[in-house]
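Undergrad: Turn this into a model:
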Amino acid sequence: MSEPTTLALALANEAATGHLMADLALLVGPGDVITLSGDLGAGKTAAARAMIRYLAGDDALEVPSPTFTLAQVYDLPPFPLVHADLYRVNDASELEEIGLSPLPEGTLALIEWPERAPNAFPEDRIDIALSHRPALGSTARAAEITGYGKGAAQVARLKTLRQFLDVAGYADAKRLRMAGDASTRSYARLVRDDGVVILMNSPRRPDGPAIYDGKSYSAAVHLAEDVKPFVAIAGGLRGRGFSAPAIHHADLDAGLLITEDFGSEGFVEGDPPAPIPERYQIAVDMLAALHREPLPETLPLAPQITYAIPTFDTDALLVEVGLMLEWYLPDRGATPTNNLRAEFVMMWRDLLNKPADAANRPRKVWDRTWVMRDYHSPNLIWLGERDGTSKVGIIDFQDAVLGPAAYDLVSLLQDARIDVPEALELALLTRYIKARRESDETFDPAGFAELYAIMSAQRNTRLLGTFARLNRRDGKPQYLRHQPRIWTYLTRSLAHPGLSGLRDWYAANVPPPGS
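TA: Numbering: from 1, shown residues only. Purely as a prediction, here's the structure:
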């Protein structure tokens, strides 16, 4: 077990306590335990209330002291939280009666008066010891934050984060929670009198098991391991007139950024959300404009430092589609035999050699360009006050690779999270092809349509596996609701004559979602 890590802070007032708890909220999650110790009136409940309100996104949320209820559960947007007060507990055996022994799974626990049951909590935890500091003012507190076990790294990260905010001039900024994504990154809006910016907390991605020819999954498919690709690609896009966030402050080694805030005006509307066609048209135009340009494979990152964009090669694409065999088929009760696995890989290798051979072809539809990989509605912000294609704000591109132009178009027109009607998809695909033809009369529409079908089949096969993995491995069943939509998109792409062999194999061996 690692040595404990301690951070001592002076908190001048309740706002400072709120900033601390908001910062800590960026670094913790379900299963974590935070104990709050100190004398009566030391500010334990105020600290817990600040974190609960931050996670709820509601400064006015009623958060009573659980002195009499003993435990109060909050179903907050990111995860459930239990707030407990053990002041009236006389023995650790009583914790079972109030649902705290064992602690509820998948829940963040905030526990006041932990000394009432000193041996009841896990070794991996964070303790916040609060005390009065009357010399600094009647509302001042001292906080000693100690991380034990896994919590030691979290407290070390908290110290780095707060130093970064202090140097950048945002230590006293108000924090507003932002929704995260399926990654380890977390975000907050920082509000000062001079405007709003975004804090990105992007710790280096931990490597998974080396099960793909000695590489982890993230390394095999070229997912960003740190924040450097985001900074490099942002600079490359902005330098070519596209709207990526400006980077105001960066600690590249720590994975901390303060960036421009594009707001939250999106590309969909209604309930259920549906595409806004006029905005999707501009998003298509932006891709066509990007793909017309000769783009470098290496970008400047910092003085004397460059970033080489990885290539989306056949091996990486095959690892992605392999998630269907590893996760989706077992989720449907099927166990693929070795012969079926070999057939699957052989068919996909033949198909994927077309886009992967792009570097050896003339600059037409098969050529390599920057592929942002998740160019779809959750990652696009509408910037209506800007001109032309700069109205499209792009916020997720750290996993960018060199690959086929059709990939990002598929991401946009076959959005995994919302229904894109087939008629709109075809109209926008035609719009893209027309824009490319206008700037290059040798552009091959039929060849691009085949490439689009291949990339659609690849991406949607991967997504079926990814969402099954998020459910089975990561306990995130909410992603399963997207699988029927993905299946519909996959069926569309498999209708292309060039994919007839794959279509027959899927019909014989791949059951649809929910079957």
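Undergrad: show me what contacts Gly99?
TA: Ala71, Val82 (CB atoms under 8 Å, 6 or more residues apart in numbering). Bear in mind the C-beta positions are built from the backbone N, C-alpha and C, glycine included.
Undergrad: Do you know the pLDDT at it?
TA: pLDDT for Gly99: 83.
Undergrad: quick one: it and Ile309, what's the gap?
TA: 50 Å (CB to CB, to the nearest Å).
Undergrad: Asn339 too?
TA: Applying CB to CB to Asn339 and Ile309 gives a distance of 37 Å.
Undergrad: Who has more neighbours out of the two?
TA: Ile309 (22 against 8; other CB atoms under 10 Å).
Undergrad: contacting residues around Gly208?
TA: Ser216, Tyr217, Ser218.
Undergrad: Need the pLDDT of it.
TA: We have a pLDDT of 77 for Gly208.
Undergrad: And the pLDDT for Ala356?
TA: Confidence score, pLDDT, at Ala356: 56.
Undergrad: could the contacts of Gly208 be laid out in JSON lines, adding pLDDT?
TA: What follows is these, written out as JSON lines (pLDDT from 0 to 100):
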{"residue": "Ser216", "pLDDT": "90"}
{"residue": "Tyr217", "pLDDT": "90"}
{"residue": "Ser218", "pLDDT": "90"}
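Undergrad: Trp370: which of the residues you listed is nearest?
TA: Closest to Trp370 out of the contacts of Gly208 is Ser218 (19.4 Å), distances taken as CB to CB.
Undergrad: Quick check: the closest one touching Glu225?
TA: Yes - at 6.7 Å, Ser218 counts as touching Glu225 under the criterion of CB atoms under 8 Å.
Undergrad: could you pull out the strands for the stretch 301-450 of the chain?
TA: For the stretch 301-450 of the chain, the strands defined by DSSP state E, counting those that start in this stretch cover 305-308, 368-371, 380-382, 392-394, 401-404.
Undergrad: Quickly run through the sheet partners of the helix or strand hosting His249, with directions.
TA: With elements taken from DSSP states H and E, the one containing His249 is strand 247-251. Paired with strand 247-251 in the same sheet, following DSSP bridges, are strand 256-260 (antiparallel).
Undergrad: Could you pull up the mean pLDDT of the partner strand?
TA: For strand 256-260, the mean pLDDT works out to 98.
Undergrad: Begin at 13, not 1, for the rest of this chat.
TA: Sounds good: first residue 13 from here, last item strand 268-272.
Undergrad: next structured bit after it?
TA: strand 280-281.
Undergrad: what lines up beside that following strand in the sheet?
TA: By DSSP bridges, strand 280-281 pairs with strand 286-287 (antiparallel).
Undergrad: which is the next helix or strand following the partner strand?
TA: Under the assignment DSSP H and E, the closest C-terminal helix or strand after strand 286-287 is helix 289-304.
Undergrad: now could you export just the CA positions of that following helix as CSV?
TA: Listed next in CSV are the C-alpha coordinates belonging to helix 289-304 (Å, rounded to 0.1, in the frame of the first residue of the first chain):
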residue,chain,number,x,y,z
PRO,A,289,-30.3,20.1,-41.2
GLU,A,290,-28.8,23.6,-41.9
ARG,A,291,-26.2,23.1,-39.2
TYR,A,292,-25.3,19.6,-40.4
GLN,A,293,-24.8,21.1,-43.9
ILE,A,294,-22.2,23.4,-42.6
ALA,A,295,-20.6,20.6,-40.7
VAL,A,296,-20.3,18.6,-43.9
ASP,A,297,-18.9,21.7,-45.7
MET,A,298,-16.3,21.9,-43.0
LEU,A,299,-15.1,18.4,-43.6
ALA,A,300,-15.0,18.9,-47.3
ALA,A,301,-12.9,22.1,-46.8
LEU,A,302,-10.5,20.2,-44.5
HIS,A,303,-10.2,17.3,-46.8
ARG,A,304,-9.3,19.5,-49.8
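Undergrad: Show me what that helix is packed against.
TA: strand 380-383, strand 404-406, helix 418-425, helix 434-451 (3 or more CB pairs under 8 Å, 6 or more residues apart in numbering; DSSP states H and E).
Undergrad: you'd agree Arg100 is in a strand?
TA: No - Arg100: not assigned to a strand; according to DSSP: H, G, I helix; E, B strand; the rest coil it is coil.
Undergrad: ok, it touching Ser77?
TA: No - counting by CB under 8 Å, Ser77 is not a contact partner of Arg100; they are 11.5 Å apart.
Undergrad: more crowded one of the two?
TA: Neighbours per residue, other CB under 10 Å: of Arg100 and Ser77, the larger number sits with Ser77, 16 against 12.
Undergrad: What distance do you get for that one to Arg61?
TA: Distance from Ser77 to Arg61, by CB to CB: 9 Å.
Undergrad: need the contacts of Gly220 in TSV with neighbour count, can you?
TA: What follows is the contacts of Gly220, written out as TSV (neighbours: other CB atoms under 10 Å):
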residue	neighbour count
Ser228	17
Tyr229	19
Ser230	16
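Undergrad: ok so, going back, tell me the most buried of the helices and strands packed on helix 289-304?
TA: helix 418-425 (a mean of 26; mean count of other CB atoms under 10 Å).
Undergrad: Specify the angle between it and helix 289-304 in degrees.
TA: 170 degrees (axes from the mean of the first three to the mean of the last three CA atoms, to 10 degrees).
Undergrad: Please state the offset of helix 418-425 from the chain centre?
TA: Relative to its chain's centre, helix 418-425 lies at 19 Å (CA atoms, centre = their mean, to the nearest Å).
Undergrad: Repeat that for stretch 285-296.
TA: Using CA atoms, centre = their mean, the offset of stretch 285-296 from its chain centre is 22 Å.
Undergrad: Could you report the pLDDT at Arg145?
TA: pLDDT at Arg145 comes out at 85.
Undergrad: before we move on, what about Arg375?
TA: Taking Arg375 on its own, its pLDDT is 45.
Undergrad: pull the longest helix from this structure.
TA: Ranked by residue count, the top helix of the chain under DSSP state H comes out as helix 457-484.
Undergrad: tell me which strands and helices that helix is in contact with?
TA: helix 326-333, helix 335, helix 341-343, helix 350-368, helix 418-425, helix 434-451, helix 495-506.
Undergrad: From Ala24, how far out is the residue of the chain most remote from its centre?
TA: Distance from the C-alpha centroid of the chain peaks at Ala147, with 43.4 Å (CA atoms, centre = their mean). From Ala147 across to Ala24, the span is 12 Å (CB to CB).
Undergrad: re the thing from before, least reliable of the helices and strands packed on helix 289-304 by average pLDDT, please.
TA: strand 380-383 (a mean of 93).
Undergrad: Just confirm His260 contacts Val209, I think it does.
TA: Yes - between His260 and Val209 a contact is recorded at 6.1 Å, counting by CB under 8 Å.
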